[in-house]
Structures are given as C-alpha cells and as structure tokens.
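Novice: Curious how this folds, go ahead:
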Amino acid sequence: MSTRPGSPAPSTPAPGKLPLPELLDMKRRGDPIVMITAYDAPAARIADEAGVELILVGDTAAMVMLGHDSTIPVTLDEMIFLTRAVTRSARRPLVVGDLPFGTYEVSDEQAVASAIRMLKEGGADVVKLEGAGRMVDRVRAISGSNIGVIGHIGLTPQSATKLGGFKAQGRTAHAAKRLYDDALALEEAGAFAIVLEAVPAAVAERVSQALRIPTIGIGAGSGTDGQVLVWHDLLGMYPGRTPRFVKRYAEIAAEIGDAVAAYASDVRSGAFPEEKHTYGISAGELAEFEAALRKR
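Specialist: You can find the predicted model right below:
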C-alpha cells in the first residue's frame, strides 16, 4: 500500500508491488518470508534486487545510522526521512515504516496520526509498532484506518529498560503464555503479521502455529513464517560482538576499512590521482587561458 504521488490508493498496491495478501498465502503454502532492514536508497535497491518480500525501515536506525546508544532518541521526522529514501528504490518489496518511541503510546489518535504521516510523507506501505497490552488498541485503531500494521512482541527494544535489558523473553511458562495471548490479541486487533524477537524457538513455533497471520522471527528459531535481520549485522558493518541470533554473511567493515586506508595511502604518496582520473584541456585553450592570466 503506497501513497507516493501518482500511486494508487492505499487499498491497491502500486504496479509491481507485492500484494499484502500474498504474505498470508505464503504462510499457508509454507513459503518462508524474507524481511531485511534498510535505511537508505542503495540498500533498498540491493534488497529489492535480492527478491526480499519486506523491507523494514527500523528504529534501529537510531543506533546503526545515527550513533545513539538505543532506539529511544530517534524522532518520527527522522524515521520519515529515512523511509522516504528507501521507498525511492524499493519497487517490489513492501516497505514497513517503524513508528518510533513516543509516537503512538499516548492515544489511538496519536498512533493513527503518526501512521498516516509515515505513509503520506515517508511513502511507507505499512507500519510497525512494538508491544501488546494497551498497544493492542493502537493496532486496532491503525488497522481500522485502512493502514496495514505489523505487531512486535518478545524483546521490544523501545521498552528494554522495563524488560531488564536486551535479553530473551518468554522463557518461563507464565511469560510464554502471556506472549502467546498477546500474539492472539494482536491478530484479533487487525495486525497482518507479528515480529517475534528473542523468544525461545519452541515458544515461537507454538505461537506461529496458533496464528492465521505470518510471524517474522529474529532470534526466535526456524519455526516462524519468516526471518528478519538488521542490514549492518548480517553484513558485518560493525566489528565486535553481535547477538547470538545474528549470522554474518560478510565482513564489510573490514573491507571498507582496508579500502579507505589504501585511498589515504595513495593520496599521501601521490599515487592518486593518476592521469586517467583527470580531465584535459586542448593546448590552444590552455595557451589562451595562460595568456589571460599573464595580462592580469
């Protein structure tokens, strides 16, 4: 569902855009759904060409793009700016605009207004928000406004302090039952998919089996209907320790570091730029230019 200028109304996907009901069909067929985060146009283009179904412009941008220590500081304006960059290059995948902390908790009206801005100004196809409980009403309000919404339960980074830090959730029978009930409540409220983050694989599998809508796992095992990873994590953009659920498919940070160091070395040694990197001027034009300089 896109609201970019000249695009069809939200109920009709843009030409070439993955129809939202296809995700439900994929769950029924048992076809895994691929979601990846992206925060700019080049990443969105690469993800699109790789054939992913969903691109999440996550509020993790606060940490991996803007240098914050958590997701809390990022604003709706900043998320809209990043989402707009992604939607310029994402043709087939559904673009999911993440609603940041403080933009939906106060009231249903605030949540709907934020979601509308994410679609109208950011060009997102759908939105995502974290939590259950009172947030179930927010999901119902947004869905009731004809905007697709993804729920997010388990480890919810926006409330990590309340949860006791970035650690797995649903690891007791009581907590697992609450997570199960939250997922059912979000489905009933109109969510078309749910992200399960840092949840025991057995619990995530039971939740996925109970729902008609797809689940997207991150640190939730292989029993979910799809998977999502953060762009910078899977590419190895940051050195050091990563969460146990991350698989690195490249070590881009090291390659970039080597490239920048080689560039700096070439500049200092005079090896760059070479003649092939420069532009010429005809001898006659150069002579006329130098003559003009002498007159001055």
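
Novice: residues in contact with whichever strand or helix holds Leu56?
Specialist: With elements taken from DSSP states H and E, the one containing Leu56 is strand 54-57. In this structure, residues lying in contact with strand 54-57 by C-beta atoms under 8 Å, 6 or more residues apart in numbering are 23, 33-39, 44, 47-48, 79, 82-83, 86, 90, 93-98, 122, 124, 128, 216, 226, 228. No exception for glycine: its C-beta is placed from N, CA and C like everyone else's.

Novice: can we see that at 7 Å?
Specialist: Contact with strand 54-57 is made by 33, 35-39, 44, 47, 79, 82-83, 86, 90, 93-98, 128, 228, as judged by C-beta atoms under 7 Å, 6 or more residues apart in numbering.

Novice: just how off-centre is whichever helix or strand comes after it within its chain?
Specialist: Reading on from strand 54-57 to the C-terminus, the next helix or strand found by DSSP H and E is helix 61-64. Here helix 61-64 shows a centroid-to-chain-centroid distance of 11 Å under the convention C-alpha atoms, centre = their mean, to the nearest Å.

Novice: Can you list the buried residues in the following helix or strand past helix 61-64?
Specialist: Once helix 61-64 ends, the next helix or strand along the chain (criterion: DSSP H and E) is helix 76-87. By neighbour count with 16 or more other C-beta atoms under 10 Å, helix 76-87 contains the buried residues Leu76, Glu78, Met79, Ile80, Leu82, Thr83, Arg84, Ala85, Val86, Thr87.

Novice: From Tyr39, how far off is the last one?
Specialist: Here Thr87 is placed at a distance of 12 Å from Tyr39 (C-beta to C-beta, to the nearest Å).

Novice: pLDDT weak spots in the stretch 151-296 of the chain?
Specialist: Confidence mapping of the stretch 151-296 of the chain against pLDDT under 70 gives the ranges 159-166.

Novice: if we go to 80?
Specialist: Low-confidence regions of the stretch 151-296 of the chain, defined by pLDDT under 80, span residues 157-167, 239-243.

Novice: Show me what the host helix or strand of Val195 is packed against.
Specialist: For Val195, the element it lies in under DSSP H and E is strand 193-197. Counting contacts by 3 or more C-beta pairs under 7 Å, 6 or more residues apart in numbering; DSSP states H and E, strand 193-197 is packed against strand 149-154, strand 215-218.

Novice: List the buried residues for it?
Specialist: Judged by neighbour count using 16+ other C-beta under 10 Å, the buried positions of strand 193-197 are Ala193, Ile194, Val195, Leu196, Glu197.

Novice: now that strand, how far from the centre of its chain.
Specialist: Put simply, strand 193-197 sits 13 Å off its chain's centre (C-alpha atoms, centre = their mean).

Novice: Kindly report the same for stretch 127-139.
Specialist: Put simply, stretch 127-139 sits 18 Å off its chain's centre (C-alpha atoms, centre = their mean).

Novice: C-alpha coordinates for it, PDB please?
Specialist: What follows is stretch 127-139 as a C-alpha-only set of coordinates in PDB (Å, rounded to 0.1, in the frame of the first residue of the first chain):
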ATOM      1  CA  VAL A 127       3.800   0.500   9.600                       C
ATOM      2  CA  LYS A 128       5.100  -1.400  12.700                       C
ATOM      3  CA  LEU A 129       4.800  -0.800  16.400                       C
ATOM      4  CA  GLU A 130       6.000  -2.500  19.500                       C
ATOM      5  CA  GLY A 131       4.200  -4.100  22.400                       C
ATOM      6  CA  ALA A 132       0.800  -5.500  23.400                       C
ATOM      7  CA  GLY A 133      -1.500  -4.600  26.300                       C
ATOM      8  CA  ARG A 134      -2.700  -1.100  25.600                       C
ATOM      9  CA  MET A 135      -0.800  -1.200  22.300                       C
ATOM     10  CA  VAL A 136      -3.400  -3.700  21.000                       C
ATOM     11  CA  ASP A 137      -5.900  -0.800  20.900                       C
ATOM     12  CA  ARG A 138      -3.300   1.200  18.900                       C
ATOM     13  CA  VAL A 139      -3.100  -1.700  16.400                       C
END
